[in-house]
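Student: Requesting a structural model of the entry that follows:
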Amino acid sequence: MIKNVIYGIFIFTFLMTSVGYAQKSKQPLQLTIKSDKQAYFIDERITFLLAVKNLSSKEIQILDPVSGTKLILLILDGKEYKAIGPTTWGGPSAIPPQGEMNIAIDFAEYGITADVLTSDKHNIAVKINETISNTITIQLIPRPVLMYHLDLKFNYDGNKSWWTFKLGDKEFYTLEDMKTYIKTLPIPTGSRIIWTPSDDIIGGEPLHSKSDIESLKKFCEDNGIVLVVARGG
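Tutor: So this is what the prediction gives:
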């Protein structure tokens, strides 16, 4: 009899513990992240998509109602990062009960610096409250060094003449247009523009004076690329 009572108590305790554990382990959210790319250049903008399902019967906030920042932690290689400013997210600030939502996550919102984003594999997850998403792995790679050739092209249509700037496979009518293009280039360290100006002077050549050349060199340096002037013939 005593043995049966003890056995019954043991079974009851085990069942209650199991039920309690199941209730405790049931997450109110389901978080799934995915990226359309497995590799990024080191200086490339990194974004991925977070799919959120609210499995609970309560509304769950994803934006701080005061600061407007995301209440979504980014986990990079095991370290948690908080959003540092108001988000550009234009959707609702909370997920309704049993609701679903897709949210774009941008590394730029989390103030992650270049020294953290090294050329290597990195593990990424996100966290809302106590729920953590799946983990994805991305590879960061350095950009290949770029080498552009600059040529000045003389043009004549029978009535008038003009000079254009040819940089790689692009042609520009003004120096300012070429500078605007250079500013848009993703330029890895060590990239160069090679210019071999001719010693034969036609007349009206742009970049003819030493000060013009030095000014363009300074502009290129400020934008992360080296202008190499190789005097030729």
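Student: After the lowest-mean-pLDDT helix or strand in the chain, heading C-terminal, what element do we hit next?
Tutor: The weakest-scoring helix or strand in the chain, judged by mean pLDDT, DSSP states H and E, is helix 2-25 (a mean of 44). Sequence order places strand 29-34 as the next helix or strand after helix 2-25, per DSSP states H and E.
Student: Now do that following strand: which elements does it pack against?
Tutor: strand 47-54, strand 121-128, strand 131-132 (3 or more CB pairs under 8 Å, 6 or more residues apart in numbering; DSSP states H and E). Every C-beta, even on glycine, is put in place using the N, C-alpha and C of the backbone.
Student: Give me the average confidence score over the next helix or strand after it.
Tutor: Downstream of strand 29-34, the first helix or strand assigned by DSSP H and E is strand 39-41. Strand 39-41 shows an average pLDDT of 90 in the prediction.
Student: Give me the domain ranges for the chain.
Tutor: Here the domain parsing of the chain from automatic domain parsing is 27-141, 147-229.
Student: How far does the shortest one sit from its chain's centre?
Tutor: When C-alpha coordinates are averaged (CA atoms, centre = their mean, to the nearest Å), domain 147-229 and its chain have centres 30 Å apart.
Student: what's the nearest residue to the residue most central in space within the chain if we skip its chain neighbours?
Tutor: For the chain, the residue nearest the mean C-alpha position is Arg45 (1.9 Å; CA atoms, centre = their mean). Computed as CB to CB, 6 or more residues apart in numbering, the closest residue to Arg45 that is not its neighbour in sequence is Ala108, at 6.7 Å.
Student: do the same with Asp212
Tutor: Spatial nearest neighbour of Asp212, chain neighbours left out: Pro206 (7.2 Å); criterion: CB to CB, 6+ apart.
Student: Within its sheet, name the partner strands of the longest strand seen in the chain and how each one runs.
Tutor: Longest strand of the chain, by residue count under DSSP state E: strand 147-156. Strand pairing for strand 147-156, determined by DSSP bridges: strand 161-167 (antiparallel), strand 192-195 (parallel).
Student: Residues in contact with it: which ones?
Tutor: 161-168, 171, 191-195, 197, 202, 205-207, 225, 227 (CB atoms under 8 Å, 6 or more residues apart in numbering).
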